[in-house]
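1. Got a predicted model here, sequence first, then my questions.
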Amino acid sequence: MEFIIFTIRRVLSNPIVLLTCVALFWGGNAIAGKLAVGHVSPMLLTALRWLFAVIFIAPFALVKVREQWPIIRKNMLMLFLFGAFGFAGFNALFYYALNYTSAINVTIEQSIMPLIVFFGNFLLFKLKPSALQLVGFALTLFGVAITVSHGDLSRLLLLNLNRGDALMMLAALLYGAYTVTLRYKPALHWQAMIFVLAVSALLSSLPLAYFEYQSGKMLFPDLHGMGVVLYIAIFPSLLAQSLYIRGVEMVGGNRANLFINLVPVFGSILAVLILGEVLHAYHIVALLLVVAGILLAERSAMMRPEVG
């Protein structure tokens, strides 16, 4: 038992391990979302994800929530918006996108998030990327463009995009904006933070689920669907979000977001192994560009560490 506790503490103190686990869990989220198609509808999946997440974390977080309630109450609107857009909004678009495009595409397209984060940090906080980071971003952007266009870049000029790919780009924009604004978050214990955001995500996802029900598109989960819901509630939700917030605290938003570029690597491997999806030549090119981008950008960040 002491060895297990020691190992957990070592893991929680290592930002590289933390953020790599985040990328693995989020890569698995795309696979789970694809497995959910035909077994539970996307808006209901989003609501159930955060319902179970709230239930699971409540026993551990409520003490911290009570202790820090004055801070939470003072910043309630901000925290609600974090949960509504960064959690519920992103997830709803993410799972909806998987009804129209492949898990491989979705995981690669998430790589646009660091560019959004750096652009937002430059506009709001005047954090200027280095020349090496710009090269890394350009490679990542090119890789995402190849994926979105399915290997035919001329489709971008004609705005001839698959619906799922377009929805995923919008989801990435939401999560990138959420990450940038995390700099404004109040000083809360991570358990209190994740609980309040999960509750906010649950509340904001209910209208989406109701709209889905009213439109006659709601699909209640079968046994297979419930398995997907439970996996998503535990790994991509509670564990990944908690570790991600901790990672941002340890190394800053810019460097933490570089690890999101590992999501397509894990996601593509899992999509081939679990879903039997085909890894096309343009996917391989895109993955190589994305990995090259993260290596260059991370090297630059190591040479010039982010402050705060």
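-> Right, received. Where do you want to start?
2. From here on, just use CA atoms for contacts and neighbour counts.
-> Will do.
3. which SS state does the residue lying closest to W26 once chain neighbours are set aside fall under?
-> Take W26 and drop its neighbours on the chain: the residue closest to it by C-alpha to C-alpha, 6 or more residues apart in numbering is P236, 5.3 Å away. Applying DSSP: H, G, I helix; E, B strand; the rest coil to P236 yields a three-state assignment of helix.
4. Offset the numbering so it begins at 46, please.
-> Happy to do that; since the first residue is 46 now, the last one works out to P281.
5. what sits against P281?
-> If you count contacts by C-alpha atoms under 8 Å, 6 or more residues apart in numbering, P281 has them with V67, F70, W71, G73, N74.
6. Give the buried residues for stretch 270-277.
-> Of the residues in stretch 270-277, those buried under the neighbour-count criterion (16 or more other C-alpha atoms under 10 Å) are G270, M271, V273, V274, Y276, I277.
7. And stretch 152-159, by the same measure?
-> Counting neighbours by 16+ other C-alpha under 10 Å, one finds that the buried residues in stretch 152-159 are T152, I153, E154, Q155, S156, I157, M158, P159.
8. now stretch 216-235
-> When neighbours are counted by 16+ other C-alpha under 10 Å, the buried residues of stretch 216-235 are found to be 216-227, 233, 235.
9. pLDDT below threshold where in the stretch 96-245 of the chain?
-> For the stretch 96-245 of the chain, the stretches flagged by pLDDT under 70 are 174, 195, 199-205.
10. let's go with 90 and repeat that
-> Regions of the stretch 96-245 of the chain meeting the criterion pLDDT under 90 cover residues 98, 101-102, 105, 131, 146-211, 214, 217-218, 220-236, 238-239.
11. is it true that V308 touches I153?
-> Yes - with contact taken as C-alpha atoms under 8 Å, V308 and I153 are classed as touching, separated by 7.3 Å.
12. quick one: the strands in the stretch 96-245 of the chain?
-> Ranges of strands in the stretch 96-245 of the chain, per DSSP state E, counting those that start in this stretch: none exist.
13. what's the burial count for Q259?
-> Residues within reach of Q259, counting by other C-alpha atoms under 10 Å, total 10.
14. Report the separation between it and V162.
-> Applying C-alpha to C-alpha, to the nearest Å, the value for Q259 to V162 is 36 Å.
15. next one: H234
-> When distance is defined by C-alpha to C-alpha, H234 is 23 Å away from V162.
16. Name the residues that touch the helix or strand where M271 lies?
-> Assessed by DSSP states H and E, M271 sits inside helix 268-277. Under the criterion C-alpha under 8 Å, 6+ apart, residues N74, A77, G78, L80, A81, H84, V85, L90, L93, R94, F97 lie in contact with helix 268-277.
17. One more: stretch 123-139?
-> With contact meaning C-alpha under 8 Å, 6+ apart, stretch 123-139 is reached by 87-88, 91-92, 117, 151, 212-213, 215-217, 219-220, 222-224, 227, 230, 241-247, 249-250.
18. ok now it, how far from the chain's centre?
-> 10 Å (C-alpha atoms, centre = their mean, to the nearest Å).
19. What of stretch 122-135?
-> Using C-alpha atoms, centre = their mean, the distance between the centre of stretch 122-135 and that of its chain works out at 13 Å.
20. what comes up buried for it?
-> For stretch 122-135, burial by neighbour count (16+ other C-alpha under 10 Å) applies to 123-135.
21. Over to stretch 86-104?
-> Within stretch 86-104, the residues that qualify as buried by neighbour count (16+ other C-alpha under 10 Å) are 86-99, 102-103.
22. Equivalent analysis for stretch 171-180, please.
-> Judged by neighbour count using 16+ other C-alpha under 10 Å, the buried positions of stretch 171-180 are P174, L177, Q178, L179, V180.
23. Which of the residues you listed fall in helices?
-> Members of these lying in helices (criterion: DSSP state H): L177, Q178, L179, V180.
24. Need the contact partners of stretch 303-318.
-> With C-alpha under 8 Å, 6+ apart as the contact definition, stretch 303-318 has outside contacts at 64-65, 67-69, 71-73, 75-76, 148-149, 152-156, 158-159, 322-324, 332, 335-336, 339, 342-343.
25. do that again at 6 Å, thanks
-> Contacting residues not belonging to stretch 303-318 are listed as A68, L69, G72, I149, T152, I153, S156, E322, I339 [C-alpha atoms under 6 Å, 6 or more residues apart in numbering].
26. mind saving the C-alpha coords of that stretch as CSV?
-> As requested, the backbone C-alpha atoms of stretch 303-318 are provided in CSV (Å, rounded to 0.1, in the frame of the first residue of the first chain):
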residue,chain,number,x,y,z
LEU,A,303,1.6,21.1,-26.3
PHE,A,304,0.8,17.6,-24.9
ILE,A,305,-2.6,17.8,-26.5
ASN,A,306,-0.8,17.1,-29.7
LEU,A,307,-0.1,13.5,-28.4
VAL,A,308,-3.9,12.9,-28.5
PRO,A,309,-3.9,12.1,-32.2
VAL,A,310,-1.0,9.6,-31.8
PHE,A,311,-2.8,7.7,-29.1
GLY,A,312,-6.2,8.2,-30.7
SER,A,313,-5.1,7.0,-34.1
ILE,A,314,-3.4,3.9,-32.7
LEU,A,315,-6.5,3.0,-30.6
ALA,A,316,-8.9,3.7,-33.6
VAL,A,317,-7.0,1.2,-35.7
LEU,A,318,-6.7,-1.4,-33.0
